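Enquirer: After the sequence you'll find the predicted model.
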Amino acid sequence: MKPTRLTVLYDAECPLCRRAAAWLQSRDPKGVLEFLPAQRSDEVSACPLDPEAVLEQIHVVSPEGELRTGADGVVWALSQLPRYGWLRAVYAIPGVRSIAQAVYRRVAENRLRFR
């Protein structure tokens, strides 16, 4: 399966978000993912985005304007990278998506506590 070029929007003022973006980028040798601070989300022309919502959770946007947020966005981005395509199958297992979303929300709510 050919990877889809995706733009990953993250909160550049959040230490945890910066580390997560750097971790993802370090696993992207072919540059499939483009990283853009959420503070510059107006530069993404593929779809209109709510500036406040972009700061609350990761947003991943395709060139065609498809948007996935939170845990869905993380899995989508990771599944485009070498060695992580298997995540699509795991995420499709009943219940896994709900658990991942709940964990993501909990971490996102407390992300500024992670220094």
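Expert: Right, received. Where do you want to start?
Enquirer: Check Tyr10 and give its pLDDT.
Expert: According to the prediction, Tyr10 has pLDDT 92.
Enquirer: Contact partners for it?
Expert: 17-18, 20-21, 35-38, 58 (Cβ atoms under 8 Å, 6 or more residues apart in numbering). Any C-beta I mention is one placed from the backbone N, CA and C, and that applies to glycine too.
Enquirer: for Asp11, same thing?
Expert: Counted by Cβ under 8 Å, 6+ apart, Asp11 has contacts 17, 37-39, 54-55, 111.
Enquirer: Return the subset of those residues lying in strands.
Expert: Pro37 (DSSP state E).
Enquirer: Which PyMOL command selects the buried ones in the contacts of Asp11?
Expert: Command for PyMOL, covering only those of those found buried under the criterion 16 or more other Cβ atoms under 10 Å:
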select buried, resi 17+37+38+54+55+111
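Enquirer: possible to save the contacts of Asp11 as JSON lines with pLDDT?
Expert: Converted to JSON lines, the contacts of Asp11 look like this (pLDDT from 0 to 100):
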{"residue": "Cys17", "pLDDT": "89"}
{"residue": "Pro37", "pLDDT": "92"}
{"residue": "Ala38", "pLDDT": "87"}
{"residue": "Gln39", "pLDDT": "86"}
{"residue": "Val54", "pLDDT": "86"}
{"residue": "Leu55", "pLDDT": "85"}
{"residue": "Arg111", "pLDDT": "79"}
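Enquirer: mind listing what's buried in the longest helix out of those in the chain?
Expert: Using DSSP state H, we find that the single longest helix of the chain is helix 96-109. In terms of neighbour count (16+ other Cβ under 10 Å), helix 96-109 has its buried residues at 100, 104, 107-108.
Enquirer: Any chance you could list what contacts the worst-scoring helix or strand of the chain on mean pLDDT?
Expert: Scoring the helices and strands of the chain by mean pLDDT, DSSP states H and E places helix 51-56 at the bottom, with a mean of 85. Helix 51-56 is contacted from outside by 9, 11, 38-39, 41-42, 59, 69, 108, using Cβ under 8 Å, 6+ apart.
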